[in-house]
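Student: I need the structure of the sequence given here:
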Amino acid sequence: MAILPITVYGDKILRQKTKPVNSVSDELIVKIKNMLDTMHNAKGVGLAANQVGFNQSLFVVDLKGVEGYEKFKPMIFINPEIVLQSDEKVVIEEGCLSLPNLRADVERSKNIKIRYLNTDEQLIELEADEFLARVILHEYDHLIGKLIPDRVSEEIKSQLKDELKLIKKRKVEIDYPITQL
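Tutor: Predicted coordinates:
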């Protein structure tokens with residue numbers, strides 16, 4: 001499969017709401033496999049389609065490299081919809097492949113319920129908590145055009161401003177391919 005360049009802060013596609021997937025075609029399966037390969041290559045745990053230039057409502061998650069999730073199987077979420085978020089919130093530091101080297105504390109719901117299609121076009125409802133819920137919410141944010149800076153206070157956003165400028169100019173050292181200016 002192919003390793004795709006990852007879109008980074010400043011790329012317009014990251015701010016656009018993605019379009020629904022109409023059907024799961026062979027072409028889409030190839031895109032999904034390429035997304036998984038790209039995510040693994042970048043040592044990520046989740047990747048949304050618009051992070052590799054596809055304006056489609058889909059993301060992949062694979063937590064098997066995370067302690068406690070060694071038996072995790074990769075998951076594909078097509079046309080996902082968050083149907084429930086708990087009132088209980090948790091603040092944890094997050095990173096993002098589209099924001100290389102940037103880290104920030106983000107508050108998210110501890111528990112969620114999500115509805116989505118799998119690659120067999122079956123409708124699935126999943127309840128998730130803790131880290132899996134966080135990753136799902138983070139990737140879902142990408143599909144609606146939101147990034148970590150949109151989920152932090154103005155004070156923290158101000159502190160991230162210089163790092164964001166460097167990312168936008170591609171002046172970051174990383175070991176995976178990103179889009180060029």
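Student: which ones are touching the residue found closest to Ile112 once you drop the neighbours it is linked to in the chain?
Tutor: Excluding the flanking residues, the one nearest Ile112 by C-beta to C-beta, 6 or more residues apart in numbering is Ala133, at 4.6 Å. Just so you know, the C-beta spots here come from the backbone N, C-alpha and C atoms, and that holds for glycine as well. Ala133 makes contacts with 108-112, as judged by C-beta atoms under 8 Å, 6 or more residues apart in numbering.
Student: 10 Å - rerun?
Tutor: Residues near Ala133 by C-beta atoms under 10 Å, 6 or more residues apart in numbering: 82, 85-86, 90, 108-114, 126-127.
Student: for the buried ones among those, write the corresponding PyMOL selection.
Tutor: To isolate the buried ones among the contacts of Ala133 in PyMOL, judged by 16 or more other C-beta atoms under 10 Å, type:
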select buried, resi 82+85+90+108+109+112+114+126
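Student: for the contacts of Ala133, which one is nearest Ile167?
Tutor: Checking the contacts of Ala133 against Ile167 with C-beta to C-beta, the nearest one is Arg108 at 21.9 Å.
Student: would the closest one count as being in a strand?
Tutor: Yes - counting by DSSP: H, G, I helix; E, B strand; the rest coil, Arg108 is part of a strand.
Student: coming back round to it: wait, a helix at the residue nearest to Ile112?
Tutor: Yes - counting by three-state DSSP, Ala133 is part of a helix.
Student: measure it to Lys89 for me?
Tutor: Using C-beta to C-beta, to the nearest Å, Ala133 is found at 11 Å from Lys89.
Student: so for the two, which residues contact both of them?
Tutor: With C-beta under 10 Å, 6+ apart as the test, Ala133 and Lys89 both reach 108-110.
Student: need those residues in CSV with pLDDT and distance to Gln122, can you?
Tutor: What follows is the shared contacts of Ala133 and Lys89, written out as CSV (pLDDT from 0 to 100; distance: C-beta to C-beta, whole Å):
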residue, pLDDT, distance to Gln122
Arg108, 97, 27
Ser109, 98, 25
Lys110, 98, 27
